[in-house]
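1. For reference, the sequence and a predicted model appear below.
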Amino acid sequence: MNRLRHLAIMAAFAFFDVFAAVPVTVVAVGDLLQQPRHSAPATVIARNSPSLSAEINARIDSIPVKVGDTVEPDTLLAQLDCRYYDSLLAAAKAGMEQLASERDFSAAQLKRAQGLKLKKGISDEGVEQRKSEWESYSARYRMLEETQRQAQLQVDRCQIRAPFRAVVVERLASSGSLATIGTPILKLVQLDDIEISARLREQESETLKESSNIWFEFFNKEYRLTLRRILPVIDSRTRTREVRLRFSEESAPVGAAGRVRWQGGPLQLPAGYLVRRNQLLGVFIVDGGKARFHPVAGAVEGQPAVIDLPAESLLIVEGRQRLSDGDAISVQEQSNLKDVLSGLAE
């Protein structure tokens with residue numbers, strides 16, 4: 001009789017244990033770890049945005065471009081009155097032609113004198129005189145060559161041309177006005193050499209350096225980027241470094257203000273898997289048939305955390321909120337990552 005009573009009691013406890021075990025769903029820790037996402041304000045800038053100025057004193061004849069025009073390299077942007085400089089160039093060319101004739105005549109005389117010297121028909125002094133005259137003409141000719149080159153430079157400056165592919169963003173002068181050296185006429189912004197500029201904290205710049213997944217977000221559109229340079233200077237006021245990035249394919253417009261986003265740094269567990277027990281943040285893992293609370297050092301409420309567990313550890317994802325350390329559990333299934341992400345909120 002006592003034996004039957006003992007067996008009944010044991011069966012009752014076994015029945016109670018089965019129904020007392022908390023049903024849970026688990027996932028391997030390694031399947032949940034993610035690289036953290038980072039972002040920072042950034043601006044699209046042109047590496048060149050010059051104000052083109054007059055290099056000579058002249059009246060502006062015409063400015064054949066308008067604000068908003070896209071111009072290709074060597075496009076005429078402004079024409080200055082060039083009559084004075086054309087005249088200087090023409091005078092230099094005429095002087096060279098005259099001097100060239102005199103230099104050639106002197107060369108012929110020198111050659112004749114050298115022939116007469118062999119026949120004793122002229123003195124050494126006469127030959128030296130012819131040679132001196134030829135050298136004088138040659139030196140004057142070289143000087144006029146430089147004068148012509150300088151005049152040609154002035155004539156070339158009568159036309160202001162686009163140095164690269166750009167857009168005209170401002171007209172700073174008008175046709176008919178007098179331009180002096182340094183008078184700004186047009187402002188351009190280069191279109192084919194633009195970059196992203198952002199300022200990052202030291203730790204952020206290190207994660208950016210290691211990341212191969214970087215993009216710029218502007219008006220709900222993403223543009224792929226590559227890192228060009230992290231400047232080796234830290235701003236003493238903000239304690240940040242400037243970084244420069246280039247567009248990999250399509251580029252955003254110059255002046256666009258958006259955010260640079262990237263993934264990088266040590267793998268972290270998303271904040272949604274952390275639970276608080278006894279003023280500590282941590283996770284529940286499977287330990288035999290029980291739930292074991294594992295505190296996560298340095299975890300902050302609402303932020304991803306670096307977790308010191310083997311990747312194969314089974315983390316309880318569904319049913320964790322009603323668990324206490326040491327509770328008996330019944331593993332219903334091992335979920336895959338897509339299932340967990342879709343049902344993370346419990």
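-> Structure's in. What do you need?

2. Go through this structure and flag its longest helix.
-> The longest helix of the chain (DSSP state H) is helix 83-118.

3. packing partners for it?
-> Counting contacts by 3 or more Cβ pairs under 8 Å, 6 or more residues apart in numbering; DSSP states H and E, helix 83-118 is packed against helix 124-156. C-betas here are computed from N, CA, C, even on glycine.

4. Mean confidence (pLDDT) on the helix it packs on, please.
-> Helix 124-156 carries an average pLDDT of 86.

5. Now the element after that helix, going C-ward?
-> Beyond helix 124-156 on the C-terminal side, the first helix or strand identified by DSSP states H and E is strand 159-161.

6. Could you list the paired strands of the helix or strand following that next one along with their orientation?
-> Sequence-wise, the next helix or strand downstream of strand 159-161 (DSSP H and E) is strand 166-171. Paired strands of strand 166-171, with direction, are strand 70-71 (antiparallel), strand 184-190 (antiparallel) (DSSP bridges).

7. Looking at these, spot the one closest to residue 118.
-> Residue 118 lies closest, by Cβ to Cβ, to one member of the strands paired with strand 166-171: strand 184-190, at 64.5 Å.

8. where's residue 82 relative to residue 156, distance?
-> 9 Å (Cβ to Cβ, to the nearest Å).

9. Which one's more surrounded, the two?
-> Higher neighbour count among residue 82 and residue 156: residue 82, with 19 against 14, using other Cβ atoms under 10 Å.

10. close enough to count as contact, the more buried one and residue 58?
-> Yes - between residue 82 and residue 58 there is a contact under Cβ atoms under 8 Å: 6.9 Å.

11. Now do the shared contacts for the two.
-> residue 158 (Cβ atoms under 8 Å, 6 or more residues apart in numbering).

12. Where does pLDDT dip in the stretch 201-346 of the chain?
-> Counting by pLDDT under 70, the stretch 201-346 of the chain shows low-confidence ranges at 333-346.

13. about what we covered before: nearest to residue 120 among the strands paired with strand 166-171 would be which one?
-> Closest to residue 120 of the strands paired with strand 166-171, according to Cβ to Cβ: strand 184-190, at 69.1 Å.

14. How far off centre is the helix or strand just after the closest one?
-> The C-terminal neighbour of strand 184-190 among helices and strands, as given by DSSP H and E, is strand 194-200. Offset of strand 194-200 from its chain centre (Cα atoms, centre = their mean, to the nearest Å): 6 Å.

15. list the buried ones in strand 194-200?
-> Residues 194-196, 198-200 are the ones in strand 194-200 that count as buried (16 or more other Cβ atoms under 10 Å).

16. Rounded mean pLDDT for it, please.
-> Per-region confidence: strand 194-200 scores 96 on mean pLDDT.

17. Can you list the strands that that strand pairs with?
-> strand 37-46 (antiparallel), strand 241-247 (antiparallel).

18. Regarding this structure, what is its longest strand?
-> strand 221-234 (DSSP state E).

19. Which strands border that one, and is each parallel or antiparallel?
-> When pairing is defined by DSSP bridges, strand 221-234 lines up against strand 214-218 (antiparallel), strand 241-247 (antiparallel).

20. now the strands paired with strand 166-171 in TSV, with distance to residue 283?
-> Output for the strands paired with strand 166-171, formatted as TSV (distance: least, Cβ to Cβ, whole Å):
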stretch	distance to residue 283
strand 70-71	57
strand 184-190	52
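
21. Kindly state which of these is positioned closest to residue 37.
-> Smallest distance to residue 37 across the strands paired with strand 166-171 (Cβ to Cβ): 31.8 Å, for strand 184-190.

22. follow-up on the earlier one: as CSV, the buried residues of strand 194-200 with distance to residue 251 would be great.
-> Listed next are these as CSV, based on distance: Cβ to Cβ, whole Å:
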residue, distance to residue 251
194, 6
195, 9
196, 9
198, 15
199, 20
200, 21
